[in-house]
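**Student:** Need a 3D model of the sequence below.
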Amino acid sequence: MAKSLYVCQSCGAEHRKWSGQCPDCRQWNCISEQVIEAATTKLASRGKALPAEPITAIQQGSTPRRSTRIEELDRVLGGGLVPGSALLIGGDPGIGKSTLLLQAAAKLAASEKREQVLYITGEESIQQVHMRGERIGALHENLLLVSACEVESILTTINQVKPTTVIIDSIQTTVSAALSSAPGTVSQVRDCSAALIKNAKQHGHAIILVGHVTKEGTLAGPRVLEHMVDAVIYFEGDRGHAHRILRAVKNRFGPAGEIGVFEMSDCGLIGIRDASRLFLAERAKDTPGSVVLACMEGTRPLLVEVQALIAPTVYATPKRSAVGVDTARVAMLTAVLERRIGLPLSQHDVYINIAGGARVNEPAADLAVLMAMVSAYQDRPVPEKIALFGEVGLTGEIRPVAQPEARAKEAANLGFTHLLLPGENHERVQKANIIANMRPDQQTALQLSAVRHLTEAAQKLLN
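**Tutor:** Just a heads-up that it's a prediction; the model follows:
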């Protein structure tokens with residue numbers, strides 16, 4: 001006899017009865033009924049013991065990567081696609097996921113090895129995909145298109161074609177005939193993904209799954225899906241800007257946190273190698289509240305503009321708003337600034353923005369955020385050719401950060417003449433001798449100013 005369970009579509013928790021709010025993830029209106037077919041259970045026979053080997057005796061085989069011939073995508077992947085790996089890519093609708101994957105599929109198909117790439121679309125017809133491929137120049141005879149949603153048919157097609165790379169667009173449209181639930185539910189996404197990933201591991205082809213995102217920006221479906229795959233990549237970007245950011249939040253074959261920068265054009269997505277110039281291209285000169293931050297995204301140094309605006313509040317509680325940085329951290333830094341320097345911000349609203357739609361998560365942005373706030377409050381611009389970085393503690397001390405040499409080199413490459421950095425990072429940057437290792441046409445005198453406290457930084461920056 002069949003029975004029913006109530007499954008949360010947000011976290012995958014199972015419940016015996018329906019309720020308006022899931023007790024596990026606290027989301028509302030996300031529990032739906034699913035019918036579970038009755039099955040006879042049998043006691044499993046005692047399994048056969050498997051041989052265990054010392055880790056030192058295991059020989060590592062070579063795992064050649066397949067380059068997508070898109071430099072920014074290869075950077076995020078850690079050098080290219082690994083055979084037998086599973087990749088999950090998510091992003092807002094219309095951000096460019098399908099466009100980028102179609103470009104990569106065409107370049108893989110046109111490689112010297114003449115690899116066959118299978119692109120399975122469940123949201124579009126093959127005619128629509130062909131129209132996009134014709135527009136962006138992604139047509140090749142080794143790029144095979146299939147329009148299908150049933151996972152059983154997809155697996156049969158993969159086993160028959162034997163491609164080197166498979167793209168599923170998207171996993172939320174894939175369904176299994178063994179389940180009676182609707183497409184996109186937790187059980188369908190989990191079981192279909194498990195079957196596709198298992199098939200990829202057995203046959204050695206790389207598989208790329210396109211995933212939908214929720215209104216909060218996280219990947220839709222069960223959290224276990226992110227654990228099943230080898231890499232999770234988010235496509236970020238503001239519709240008001242032409243550039244897009246590809247960020248790896250998990251990668252078993254490369255550095256997590258690595259980013260790739262693309263520009264959307266009529267011919268598809270174009271990789272941007274010099275991303276710092278892109279983010280600083282429209283920076284206003286001699287404007288209060290604007291400073292340049294030297295940050296790190298994975299292994300990539302990046303210069304971005306941090307903007308601050310201080311305005312008198314009309315509310316009983318002043319507002320603390322931030323775009324591109326953590327709002328809670330901005331509120332904490334505002335309290336540090338008011339307490340350690342004495343700026344009366346309790347009657348002012350504070351707005352922080354990372355220009356260009358970039359997002360910075362590292363504590364090294366603390367000093368730039370605080371100096372932008374000081375500059376905005378005093379209505380005094382920061383010198384144009386100065387960059388800075390550093391973490392700030394609650395007592396106002398400036399703490400060292402990782403990879404100061406790479407940050408300093410990026411600032412010197414872009415023509416900055418002054419770098420404000422934590423005192424404990426000063427010696428490391430001096431020993432690196434960055435200027436001597438640069439090309440003669442890029443060498444610029446870079447003056448280093450070490451600071452150990454917030455008051456010292458404000459004096460050196462604005463005096």
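**Student:** use CA for all of it now, contacts and neighbours both
**Tutor:** Noted.
**Student:** Mind giving me the packing neighbours of the helix or strand harbouring residue 207?
**Tutor:** Secondary structure assignment for residue 207, by DSSP states H and E: strand 206-211. Using 3 or more CA pairs under 8 Å, 6 or more residues apart in numbering; DSSP states H and E, the elements in contact with strand 206-211 are strand 86-91, strand 165-169, helix 186-203.
**Student:** mind giving me the domain ranges of the chain?
**Tutor:** Per the record, the chain has its domains at 3-36, 66-273, 283-462, by automatic domain parsing.
**Student:** Return the most buried member of the helices and strands packed on strand 206-211.
**Tutor:** Each of those was scored by mean neighbour count; the highest is strand 165-169, a mean of 25, by mean count of other CA atoms under 10 Å.
**Student:** That one packs against which elements?
**Tutor:** Checked by 3+ CA pairs under 8 Å, 6+ apart, strand 165-169 has strand 117-121, strand 206-211 packed alongside it.
**Student:** I'd like to know which of those strands lies nearest to residue 67.
**Tutor:** Among the helices and strands packed on strand 165-169, the nearest to residue 67 by CA to CA is strand 206-211 (12.0 Å).
**Student:** Tell me the first helix or strand C-terminal of the least confident helix or strand in the chain by mean pLDDT.
**Tutor:** Between all helices and strands in the chain, the lowest mean by mean pLDDT, DSSP states H and E belongs to strand 31-36, at a mean of 76. Stepping forward along the backbone from strand 31-36, the first helix or strand reached (DSSP H and E) is helix 71-77.
**Student:** follow-up on the earlier one: just put the domains of the chain in a markdown table and tack on distance to residue 54.
**Tutor:** Output for those, formatted as a markdown table (distance: least, CA to CA, whole Å):
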| stretch | distance to residue 54 |
| --- | --- |
| domain 3-36 | 37 |
| domain 66-273 | 22 |
| domain 283-462 | 33 |
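**Student:** of the ones you listed, which approaches residue 49 most closely?
**Tutor:** If you check each of those against residue 49 by CA to CA, domain 66-273 wins as the nearest, at 21.7 Å.
**Student:** What's the end-to-end length of the closest one?
**Tutor:** 20 Å (CA to CA, to the nearest Å).
**Student:** cool, and stretch 235-248?
**Tutor:** From the first residue to the last, stretch 235-248 extends over 9 Å; the measure is CA to CA.
**Student:** As TSV, the helices and strands packed on strand 165-169 with mean neighbour count, distance to residue 88 and mean pLDDT would be great.
**Tutor:** Formatted as TSV, those follow (neighbours: other CA atoms under 10 Å; distance: least, CA to CA, whole Å; pLDDT from 0 to 100):
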stretch	mean neighbour count	distance to residue 88	mean pLDDT
strand 117-121	25	15	96
strand 206-211	24	5	96
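**Student:** Adding distance to residue 48, write these out as TSV.
**Tutor:** Supplementary listing: the helices and strands packed on strand 165-169 in TSV, determined by distance: least, CA to CA, whole Å:
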stretch	distance to residue 48
strand 117-121	37
strand 206-211	31
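**Student:** returning to that earlier point: now could you export just the CA positions of the strand holding residue 207 as PDB?
**Tutor:** Once side chains and other backbone atoms are set aside, the C-alpha atoms of strand 206-211 remain, and they are given as PDB (Å, rounded to 0.1, in the frame of the first residue of the first chain):
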ATOM      1  CA  ALA A 206      32.600  15.500 -17.100                       C
ATOM      2  CA  ILE A 207      29.000  16.600 -16.300                       C
ATOM      3  CA  ILE A 208      27.800  20.200 -15.800                       C
ATOM      4  CA  LEU A 209      24.500  20.700 -14.100                       C
ATOM      5  CA  VAL A 210      22.700  24.100 -14.400                       C
ATOM      6  CA  GLY A 211      20.700  24.900 -11.200                       C
END
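**Student:** Tell me which residues are up against that strand.
**Tutor:** Applying CA atoms under 8 Å, 6 or more residues apart in numbering, the set of residues contacting strand 206-211 from outside is 81-91, 97, 164-172, 196-197, 200, 219-220.
**Student:** Residue 303 and residue 411 touch, don't they?
**Tutor:** Yes - under the criterion of CA atoms under 8 Å, residue 303 is in contact with residue 411, at a separation of 7.3 Å.
**Student:** Which one's more surrounded, those two?
**Tutor:** Neighbour tally, residue 303 and residue 411, criterion other CA atoms under 10 Å: the higher count belongs to residue 411, 27 against 22.
**Student:** Check which residues of stretch 369-388 are buried.
**Tutor:** Judged by neighbour count using 16 or more other CA atoms under 10 Å, the buried positions of stretch 369-388 are 369-377, 380-388.
**Student:** and residue 376, helix, strand or coil?
**Tutor:** helix (DSSP: H, G, I helix; E, B strand; the rest coil).
**Student:** from memory it sits against residue 289, does it?
**Tutor:** Yes - using CA under 8 Å, residue 376 and residue 289 qualify as a contacting pair, with a distance of 4.0 Å.
**Student:** what is in contact with the two at once?
**Tutor:** The overlap between the contact sets of residue 376 and residue 289 (CA under 8 Å, 6+ apart) consists of 308-309.
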